[in-house]
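Trainee: Fold the following and give me the result.
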Amino acid sequence: MVEYKSTLDGIFLSLANPTRRDILRRLAPGVQTVSELADHYDLTFAAVSKHLQVLERAKLVHKRKSGREQRVELSPTGLQQADKYLEQYRKLWEEKLDRLEMFLKNDK
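Mentor: Residues are numbered from 1 along each chain as shown. The predicted model follows:
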């Protein structure tokens, strides 16, 4: 359980940063090189690489070397863990909204 909690902490800390969320958005269509990603930001290549390291530790992206380039792609592992955690709250809010809907229908 402790490992699961620390993994979730890493995932949510990674997602708390707008640059890292934007990197994930840019990777959604498919694989990109670190250079291609870095071109979109007013950051040094090293800064973008550090953001990618944080995302990789959280299992949100996967990097692999292809010749001289580092190719980056989304990894579903981290997002699946976050989704599993958030599911319990999703159900709670859906139940509350269902009760509100019933109340409003009956109140008319």
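Trainee: any chance you could map the strands in this structure?
Mentor: 32-33, 61-66, 69-74 (DSSP state E).
Trainee: what's the first one in contact with?
Mentor: What it means is strand 32-33. If you take CB atoms under 8 Å, 6 or more residues apart in numbering as the criterion, strand 32-33 is touched by R26, E69, Q70, R71, V72, E73. Glycine gets a C-beta too; all of them are placed from N, C-alpha and C.
Trainee: circling back: of all the strands of the chain, which lies closest to T19?
Mentor: strand 61-66 (13.0 Å; CB to CB).
Trainee: Relative to V31, how far out is D98?
Mentor: Taking CB to CB, to the nearest Å as the measure, D98 falls 41 Å from V31.
Trainee: Distance to N17 and mean pLDDT for the strands of the chain - can I get that in JSON lines?
Mentor: Shown next, in JSON lines, are the strands of the chain (distance: least, CB to CB, whole Å; pLDDT from 0 to 100):
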{"stretch": "strand 32-33", "distance to N17": "18", "mean pLDDT": "95"}
{"stretch": "strand 61-66", "distance to N17": "13", "mean pLDDT": "92"}
{"stretch": "strand 69-74", "distance to N17": "16", "mean pLDDT": "94"}
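Trainee: Can you say which of those strands is nearest to L13?
Mentor: Closest among those, using CB to CB: strand 61-66, at 14.6 Å.
Trainee: Make CSV out of the strands of the chain and add mean neighbour count.
Mentor: What follows is the strands of the chain, written out as CSV (neighbours: other CB atoms under 10 Å):
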stretch, mean neighbour count
strand 32-33, 17
strand 61-66, 14
strand 69-74, 16
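Trainee: can I get those strands in TSV with distance to M102?
Mentor: Converted to TSV, the strands of the chain look like this (distance: least, CB to CB, whole Å):
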stretch	distance to M102
strand 32-33	47
strand 61-66	43
strand 69-74	39
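Trainee: With D9 as the reference, name the closest of those strands.
Mentor: Set against D9 and scored by CB to CB, the strands of the chain come closest in strand 61-66, at 17.4 Å.
Trainee: L37: neighbouring residues, count only.
Mentor: Residues lying near L37 (other CB atoms under 10 Å) number 21.
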